[in-house]
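>>> Need the 3D shape of this:
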Amino acid sequence: GKLVADEDRETGAVKWAVYKKYLLRTGGLLFLSMLFVIAINYKMSNIVKNWWLSFWEQFNTEWPGNILVYVGVYLGLSILETVLLFTRQFLWVKGALDCASKLHDTMLSSIIRAPMSFFHTNPTGRIINRFSKDQNIVDQVLPDKASDWATCFFLAPLHSLQL
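I've put the predicted structure just below:
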């Protein structure tokens, strides 16, 4: 046989099953559902806050009321929106880190349990480079892509309500 094995790589699009497995490893369906509800509430609070601002501008002369009521409601809605956004982002980052940790442990376990012939035919540098590249994608690329996809797919319809 060969002294050094050729590196196997898959080409083409990433299968949906891989994305599904990634999302489920962030915390499961309950976790993802909670993130979805928080994201919807965040967007709805943004819509209500913007509506309140237009209401304030439109009816301020007709219903002067107390300016503190207008400011208080707007401030309350802004704080709610900020808390929901922070909570969503914090939970998503925590889920992504948990997933990355689980995948790291799985990859490391596979490397440790590999037969000695694997280490004889694959240079140590190749193993380390591939391991670190794959972990970088799980740490950096996948969380951003998954978050962007979820925002576009689930929250884009709510953006039309704001118009």
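>>> dump the residue contacts of the most centrally placed residue in the chain.
Central residue of the chain (Cα atoms, centre = their mean): Ser147, 3.5 Å from the mean position. Residues near Ser147 by Cβ atoms under 8 Å, 6 or more residues apart in numbering: Trp92. Where you see a C-beta, it was placed from the backbone N, CA and C, and this is true even at glycine.
>>> again, but for the one 4 residues further on
By Cβ under 8 Å, 6+ apart, the residues touching Thr151 are Ala39.
>>> what's the strand or helix carrying Asn46 packed up against?
If you go by DSSP states H and E, Asn46 is part of helix 28-59. Counting contacts by 3 or more Cβ pairs under 8 Å, 6 or more residues apart in numbering; DSSP states H and E, helix 28-59 is packed against helix 67-112, helix 142-150, helix 156-162.
>>> rerun at 7 Å
When contacts are defined as 3 or more Cβ pairs under 7 Å, 6 or more residues apart in numbering; DSSP states H and E, helix 28-59 sits against helix 67-112, helix 156-162.
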